[in-house]
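Enquirer: Here is the input, now give the coordinates:
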Amino acid sequence: MQVQKKSLKINFIMNSILTMSSFLFPLITFPYVSRILLPLGTGKVSFATSVISYFAMFSQLGIPVYGIRACAKVRDDKAVLSKTFQELMIINGVTSLITYLFFLLTLFTVPRLQQEKPLFLIVSMTILLNTIGVEWLYKSLEQYVYIAVRSIFFKILALAATFLLIHQESDYVLYGAISIFAASASNIFNFFHMHKFVSLKPVGNYHLKRHLHAVLIFFAMSCATTVYTHLDTVMLGFLKTDTDVGYYNAAVKIKSILVSIVTSLGVVLLPRASYYIEHRQQSKFFNVSEKALNFVCLLSIPLMVYFLLFAEEGILFLSGTAYLPAILPMQIIMPTLLLIGLTNVMGMQMLVPLGKEKIVLYSEVFGAILNLSLNILLIPRFSCSGAAFGTLAAEFLVFLIQFLVLKKDVIKMYRSIPVFPIILGVLIGSSVSFPVKFLKIPVFFTLLLSAILFWGIYMVILLCFKIPLILDIKNQFLKSLKLK
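Expert: Predicted structure coming up:
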């Protein structure tokens with residue numbers, strides 16, 4: 001028990017480091033890149049990435065999530081694990097080959113894609129790298145130390161390449177290549193490293209059919225999620241211009257960074273939650289789920305409010321004055337931080353380990369339909385703001401469906417959330433930090449001073465109310481200082 005608890009803390013720490021690296025990389029590079037490539041250049045790369053995400057979704061066929069659960073259940077038996085791994089690799093290899101052929105056919109027949117053929121070919125490398133990377137295997141085995149180290153290594157290389165190679169507006173294709181390198185090049189290491197955990201010798205007597213039903217459900221979930229995650233960008237690209245996509249990308253970039261922070265704990269809980277359910281340890285399962293919900297609310301609510309208040313400063317700092325039309329879309333989309341965080345816990349950390357992935361699928365399908373409908377109505381008239389509202393509405397619908405299904409199990413968990421301390425901390429933090437907006441100081445110092453005031457007050461209030469999670473963080477910090 002103590003070993004598992006320590007392991008979970010290490011996993012969270014390493015995944016937090018990985019999340020911070022994912023946060024710092026765009027935080028450092030995007031202000032530089034956005035000012036050189038301008039909305040048109042960043043919009044082209046964002047549009048290509050969003051289109052390729054659909055092909056990548058088909059090639060992966062739901063295996064990234066299903067693979068974590070399937071391998072986590074049998075990780076104590078190397079022979080069974082190896083067979084499961086090989087079966088999933090065979091399925092993934094076939095679907096990736098078919099997807100690549102279909103992508104090439106599309107690339108050479110659709111005029112809108114032909115305009116940026118080199119960019120699309122480079123970004124499509126994501127399909128191959130995701131297939132050979134088998135990230136799901138490493139996550140199922142909770143190899144977060146390895147995942148964090150090799151990912152940070154390649155992000156540092158990409159960071160250097162960005163400043164060395166991106167110098168003019170026409171370098172957007174090169175920027176696309178560097179972005180793919182930062183996100184997926186480490187998957188090559190995964191491919192050559194996986195023999196340490198599973199046998200690569202063909203075992204034969206494969207039973208691929210036993211995976212297909214669950215894989216297809218997870219694939220449908222992935223389809224629905226990808227639709228309302230990237231549909232706004234794709235539809236902006238087709239219905240509006242690359243410049244509009246560039247504006248929207250600036251807003252979504254900030255949201256994506258914040259979402260990765262909010263969902264960082266949930267990522268490490270999926271294999272552990274699946275393990276608890278498989279071994280019928282229900283109390284432990286609900287305990288970690290409750291902690292995850294508390295973590296999401298304690299972090300996402302203040303993040304959401306802070307960036308609603310300082311959206312203009314965030315856009316100016318990260319992207320520059322050329323991206324001012326991104327301010328309103330960013331403010332509209334900010335509440336999705338809380339919604340995505342909550343559905344990440346209820347959906348991926350509760351419903352999926354419980355074997356109720358169909359509920360997640362239904363919620364995401366309805367969310368995708370709503371998003372598509374609102375995008376068709378709103379994007380032609382309201383452009384980026386319409387796309388942002390469609391995404392917000394879709395995320396709320398997904399949350400509502402999952403909450404209603406899990407109501408009996410999660411209502412007690414939601415009651416454990418310290419709502420009053422959170423609201424009090426956010427209100428006082430906002431009232432003290434907001435006047436900083438009106439000081440005539442550089443944007444960076446506005447953000448720095450306001451963040452210190454906002455988060456300092458927020459944390460002090462949570463400590464005064466003796467919130468268990470905050471006290472645990474404080475104790476761990478003091479303990480580390482004593483050790484030093």
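
Enquirer: Thought W455 was touching V432, still the case?
Expert: No. Assessed by CB atoms under 8 Å, V432 is found out of contact with W455, at 11.0 Å. All C-beta atoms are positioned from the backbone trio N, CA, C, and that covers glycine.

Enquirer: C-alpha coordinates for stretch 116-123, PDB please?
Expert: C-alpha atoms of stretch 116-123 as PDB (Å, rounded to 0.1, in the frame of the first residue of the first chain):
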ATOM      1  CA  GLU A 116       0.000  24.000 -48.700                       C
ATOM      2  CA  LYS A 117       1.100  20.500 -49.900                       C
ATOM      3  CA  PRO A 118       4.700  20.600 -48.300                       C
ATOM      4  CA  LEU A 119       3.200  21.700 -44.900                       C
ATOM      5  CA  PHE A 120       0.600  19.000 -44.900                       C
ATOM      6  CA  LEU A 121       3.100  16.300 -45.800                       C
ATOM      7  CA  ILE A 122       5.400  17.300 -43.000                       C
ATOM      8  CA  VAL A 123       2.600  17.600 -40.400                       C
END
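
Enquirer: Average pLDDT for it, rounded please.
Expert: Averaging pLDDT along stretch 116-123 yields 91.

Enquirer: which residues touch that stretch?
Expert: By CB atoms under 8 Å, 6 or more residues apart in numbering, the list of residues contacting stretch 116-123 from outside reads 44-45, 48-49, 51-52, 107, 113, 172-173, 176-177, 179-180.

Enquirer: Apply 7 Å and report the result again.
Expert: Contacting residues not belonging to stretch 116-123 are listed as K44, A48, T49, I52, L107, L113, V173, G176, A177, I180 [CB atoms under 7 Å, 6 or more residues apart in numbering].

Enquirer: One more: stretch 392-411?
Expert: 228, 332-333, 335-336, 339-340, 342-343, 346-347, 350-351, 359, 362-364, 366-368, 370-371, 374.

Enquirer: Now do the buried residues in that stretch.
Expert: For stretch 392-411, a neighbour-count test (16 or more other CB atoms under 10 Å) marks 392-399, 401-403, 405-406, 410 as buried.

Enquirer: can you list the weak-confidence ranges in the stretch 351-484 of the chain?
Expert: Per-residue confidence for the stretch 351-484 of the chain (pLDDT under 70) gives these ranges: 473-474, 476-484.

Enquirer: Can you list the residue ranges for strands in it?
Expert: Assigned by DSSP state E, counting those that start in this stretch, the strands in the stretch 351-484 of the chain number zero.

Enquirer: so what's L447 closest to, chain neighbours aside?
Expert: Closest residue to L447 apart from its sequence neighbours, by CB to CB, 6 or more residues apart in numbering: E313 at 5.3 Å.

Enquirer: pretty sure the one you found contacts V443?
Expert: Yes. Proximity of E313 to V443 meets the contact threshold set by CB atoms under 7 Å, at 5.2 Å.

Enquirer: Show which residue of this structure lies farthest from the average position.
Expert: What lies farthest from the middle of the chain is N205; by CA atoms, centre = their mean that is 36.5 Å.

Enquirer: Check the secondary structure at it for me.
Expert: coil (DSSP: H, G, I helix; E, B strand; the rest coil).

Enquirer: Just the residues contacting stretch 366-380, thanks.
Expert: 224, 227-228, 231-232, 235-236, 239-240, 386-387, 389-391, 393-395, 397-398, 401.

Enquirer: please redo it, this time with the cut-off set to 10 Å
Expert: Residues from elsewhere that reach stretch 366-380 (CB atoms under 10 Å, 6 or more residues apart in numbering): 223-229, 231-232, 234-236, 238-240, 244, 248, 343, 385-401.

Enquirer: Please check these and keep the buried ones.
Expert: Buried, going by 16+ other CB under 10 Å: 223-229, 231-232, 234-236, 240, 244, 248, 343, 385-399, 401, out of the contacts of stretch 366-380.

Enquirer: Restricted to helices, list those residues.
Expert: 223-229, 231-232, 234-236, 244, 248, 343, 385-399, 401 (DSSP state H).

Enquirer: pretty sure I52 is touching F103, no?
Expert: Yes. The pair I52 / F103 is scored as a contact, 7.9 Å apart, by CB atoms under 10 Å.

Enquirer: Can you pull the residues that touch both of these two?
Expert: With contacts defined as CB under 10 Å, 6+ apart, the residues shared by I52 and F103 are F120, L121, S124, I127.

Enquirer: got a winner among these for most neighbours?
Expert: F120 (24 neighbours; other CB atoms under 10 Å).

Enquirer: That one sits in which helix or strand?
Expert: If you go by DSSP states H and E, F120 is part of helix 117-123.

Enquirer: Distance from that helix to the middle of the chain?
Expert: 23 Å (CA atoms, centre = their mean, to the nearest Å).

Enquirer: try stretch 457-471
Expert: Worked out by CA atoms, centre = their mean, stretch 457-471 lies 27 Å from the chain centre.

Enquirer: and the end-to-end length of it?
Expert: 15 Å (CA to CA, to the nearest Å).

Enquirer: buried set for it?
Expert: I457, Y458, M459, I461, L462, I467, I470.

Enquirer: can you check stretch 323-331 too?
Expert: Y323, P325, A326, I327, L328, P329, M330, Q331.

Enquirer: what's the helix or strand for the residue lying closest to the first one once chain neighbours are set aside?
Expert: It refers to Y323. Spatially, and ignoring its direct neighbours in sequence, Y323 is nearest to A250 (4.4 Å; CB to CB, 6+ apart). Per DSSP H and E, A250 falls inside helix 242-262.

Enquirer: So what's the model's average confidence on that helix?
Expert: The model assigns helix 242-262 a mean pLDDT of 83.

Enquirer: Just give me how far it sits from the chain centre.
Expert: 12 Å.

Enquirer: ok so, going back, from the buried residues of stretch 323-331, which land in helices?
Expert: Among those, DSSP H puts I327, L328, P329, M330, Q331 in helices.

Enquirer: can I assume the fourth one is in contact with V252?
Expert: Yes. Distance between M330 and V252: 8.3 Å, which falls inside the contact criterion (CB under 10 Å).

Enquirer: Low-confidence stretches in the stretch 101-250 of the chain?
Expert: In the stretch 101-250 of the chain, residues with pLDDT under 70: 227-228.

Enquirer: do that again at 90, thanks
Expert: Within the stretch 101-250 of the chain, the set of residues satisfying pLDDT under 90 comprises 108-116, 126-159, 169-170, 178-250.

Enquirer: for it, what spans make up the helices?
Expert: Using DSSP state H, counting those that start in this stretch, the helices of the stretch 101-250 of the chain run over 111-114, 117-123, 125-133, 135-140, 144-165, 172-184, 187-193, 209-239, 242-262.
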